[in-house]
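# coords please:
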Amino acid sequence: MPGVLPSPTFPWPSPLPLAPGDQGEAVQHLQRALAQGGWYQGEIDGYYGSNTALAVQAFQSHQGLPVNGIADPDTWQSLLFSLEPQRIWAVLPLLSADSLTFTPLVVAQPSPPPSPLWLLLMAFIPLLGGGLTYLHHHWQVRRKP
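The predicted structure follows:
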């Protein structure tokens with residue numbers, strides 16, 4: 001398709017900060033990325049001149065970043081995200097019926113309730129204990145001379 005710039009290819013997030021006066025391949029990548037986003041209309045020459053600095057400042061202002069004209073890590077990250085959101089979403093796991101598996105939740109089951117006979121006998125334990133205490137007390141009192 002004529003007039004469409006190829007996507008810039010650089011690491012995520014990008015190389016070191018770039019500032020006016022810098023030059024090289026990293027500046028070319030920056031210029032291409034800015035041009036792809038419509039921020040830079042100059043020649044992609046690899047020189048960080050006033051046109052590149054103005055484009056960076058305009059982008060920073062639009063993104064709500066500190067406007068300093070320096071392509072720092074925050075600027076790079078915002079620029080890459082604004083240009084390649086599909087790349088970001090491509091690495092995020094998406095849910096689909098094929099990717100889901102059912103794992104039943106295993107919950108500890110409470111023990112069954114005691115039988116009615118046991119509950120009846122448990123009611124007599126305090127009575128039995130009280131009776132034994134009473135008998136023991138009377139036995140102690142009778143044993144005294």
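
# lowest average confidence, helix or strand, in the protein?
Least confident helix or strand, the chain: helix 85-91 with a mean of 53, by mean pLDDT, DSSP states H and E.

# distance of the closest residue to Leu16 other than its chain neighbours relative to Val107?
In space, Leu16 comes closest to Ala26 once its chain neighbours are excluded; the distance is 7.6 Å by Cβ to Cβ, 6 or more residues apart in numbering. Every residue, glycine included, has its C-beta placed from N, CA and C. In this view, Ala26 and Val107 are 57 Å apart by Cβ to Cβ, to the nearest Å.

# please identify which of these two sits among more neighbours.
Neighbour comparison, Ala26 and Val107: the larger count goes to Ala26, with 19 against 6 (by other Cβ atoms under 10 Å).

# ok, back up a step: the residue nearest to Leu16 touches Leu18, doesn't it?
Yes - taking contacts as Cβ atoms under 8 Å, Ala26 lies within contact range of Leu18: 6.0 Å.
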